[in-house]
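Chemist: sequence plus the predicted model coming up.
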Amino acid sequence: MGVVAAAVDQVTGRWADALFGLARRQGVLDQISADIERIALECQSPAVVAFLQGAKGSTSERLAKFGGLLESANPHTRSFVSLLFERRREEVLLQIGAAFEQRLLEERGAAKGIVESARPLESAELEALSQDLSKRLGKDVTLTGRVDPDLVGGVRVFVGTSMIDQSLQGRMDGLRRRMMEARLPAVGS
């Protein structure tokens, strides 16, 4: 991880922890989580991303352009976002939201993950994988499926910083590594 990325992670972590602590103390974790999720969805549009990365003008001018997203938000969410704009930290709003959601999942003993497969998985298959991972990890795991046409067979599961590679390619790579590491006797000895 680069120095800039590490600094951004530290900044977003501190901001997310501050928002999370406030939400917990005020008993509005679910409301602020819903606000953050809604804002994050809106912020995925290229126009909003460009605005957040290059916003110019006074705090009130920048907030006025962004304000429509905050109309129905909890007052604590509005205050928090306003403070981000005052400190010119709006470009990390999405990362702060992701860190907040991760903190909320940890608080609740839950985790979200992604399952990559060669074909779309049925909901029953996703549920079975979720239950299996929940038992293994001791957390309530919710999985989302994603098709990766480069996978020949099997699945790859990403939960937090962990990856479980049960793909055909992953198994072949593992076999190749074990064969390379094995000491084979010389022919003709």
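Modeler: Arrived safely.

Chemist: where exactly do the strands run in the protein?
Modeler: Using DSSP state E, the strands of the chain run over 110-117, 140-147, 154-159, 162-167.

Chemist: mean confidence score for the second one?
Modeler: It stands for strand 140-147. Mean pLDDT, strand 140-147: 93.

Chemist: tell me the buried residues in that strand?
Modeler: Under the neighbour-count criterion of 16 or more other Cβ atoms under 10 Å, strand 140-147 has V141, T142, L143, G145 buried. Just so you know, the C-beta spots here come from the backbone N, C-alpha and C atoms, and that holds for glycine as well.

Chemist: so which two of the residues you listed are the farthest from each other?
Modeler: Distance extremes for the buried residues of strand 140-147: the farthest pair is V141 and G145 at 13.3 Å, using Cβ to Cβ.

Chemist: domain ranges for this structure?
Modeler: 3-105, 110-181 (automatic domain parsing).

Chemist: ok, of those domains, where does mean pLDDT dip lowest?
Modeler: If those are sorted by mean pLDDT, domain 3-105 sits at the bottom with a mean of 83.

Chemist: quick check: L126 vs V81, distance?
Modeler: 34 Å (Cβ to Cβ, to the nearest Å).
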